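Enquirer: what follows is a predicted protein model with its sequence.
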Amino acid sequence: MTGSPDRSEAHTLRGATDRAALLRLRDIVETMEPLATAELDDYLNPSVLELTLEDGLCEAKTARIDVQWTTQGEYKFHYTDDQGVDFRWGKHPHGGDYIHVPRLEHYHPPPDASSEPDEVEASCITQAPPDLVIRAVLKLWRVAYHTNSYEPLNAGQNPP
């Protein structure tokens with residue numbers, strides 16, 4: 001996302017951080033995913049929910065998913081691991097730069113969560129409520145974990 005300030009602005013989350021949503025997401029992670037520990041970066045004024053994973057995908061031994069959620073219902077789920085692999089799901093304006101993405105929901109594939117316009121894909125996660133989005137992310141991650149492959153990460157149909 002280099003270039004003019006206008007282009008960068010088109011790729012940002014709108015609205016303030018939704019603390020209540022992050023707390024709800026934290027509770028769901030703690031209930032659903034035994035390999036994850038969820039913690040807000042700042043309990044009173046959070047900007048990120050950090051999901052520390054006891055194991056990563058494929059060759060990774062450790063990993064983390066950083067979650068941002070806004071009062072506008074926009075989000076980013078950014079996975080990174082000790083092998084340098086990154087990918088992310090997002091729902092926020094992208095200024096029409098992602099040529100394969102007709103809506104706000106999009107997916108930046110591994111290994112580097114590319115933002116190149118022709119590499120970003122439409123996300124298979126099209127649900128909007130935080131409860132359903134986190135369940136979809138956890139389910140997609142878990143399927144990828146069990147298959148030892150990145151392929152399932154954006155292959156869900158109407159997840160969760």
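Expert: Structure's in. What do you need? Numbering: from 1, shown residues only.

Enquirer: pull the number of nearby residues for the nearest residue to Thr70 once chain neighbours are set aside.
Expert: Spatial nearest neighbour of Thr70, excluding adjacent residues (CB to CB, 6 or more residues apart in numbering): Gly15 at 3.7 Å. Quick note: C-beta positions are derived from backbone N, CA and C, even for glycine. Using other CB atoms under 10 Å, Gly15 has 12 neighbouring residues.

Enquirer: over to Ala128?
Expert: Neighbours around Ala128, by other CB under 10 Å: 12.

Enquirer: what sits against it?
Expert: Counting by CB atoms under 8 Å, 6 or more residues apart in numbering, Ala128 touches Gly73, Lys91.

Enquirer: can you name the residues bridging to Glu105?
Expert: Lys91 (DSSP bridges).

Enquirer: that one and Pro152, how far apart?
Expert: For Glu105, the distance to Pro152 (CB to CB, to the nearest Å) stands at 17 Å.

Enquirer: which SS class is Ile28?
Expert: helix (DSSP: H, G, I helix; E, B strand; the rest coil).

Enquirer: what's the helix or strand for the closest residue to it other than its chain neighbours?
Expert: Once flanking residues are discounted, Ile28 sits nearest to Ile134: 5.1 Å by CB to CB, 6+ apart. Following DSSP states H and E, one finds Ile134 within helix 130-147.

Enquirer: C-alpha coordinates for that helix, CSV please?
Expert: Taking Å, rounded to 0.1, in the frame of the first residue of the first chain, the C-alpha atoms of helix 130-147 are listed here in CSV:
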residue,chain,number,x,y,z
PRO,A,130,-18.5,-10.9,15.4
ASP,A,131,-19.6,-14.2,16.9
LEU,A,132,-19.9,-15.8,13.4
VAL,A,133,-16.7,-14.2,12.0
ILE,A,134,-14.5,-15.5,14.8
ARG,A,135,-16.1,-19.0,14.6
ALA,A,136,-15.4,-19.0,10.8
VAL,A,137,-11.7,-17.9,11.3
LEU,A,138,-11.2,-20.5,14.0
LYS,A,139,-12.8,-23.2,11.9
LEU,A,140,-10.8,-22.3,8.8
TRP,A,141,-7.6,-22.2,10.8
ARG,A,142,-8.4,-25.6,12.5
VAL,A,143,-9.1,-27.3,9.1
ALA,A,144,-5.8,-25.9,7.7
TYR,A,145,-4.0,-27.1,10.9
HIS,A,146,-5.4,-30.7,10.6
THR,A,147,-4.7,-30.9,6.9
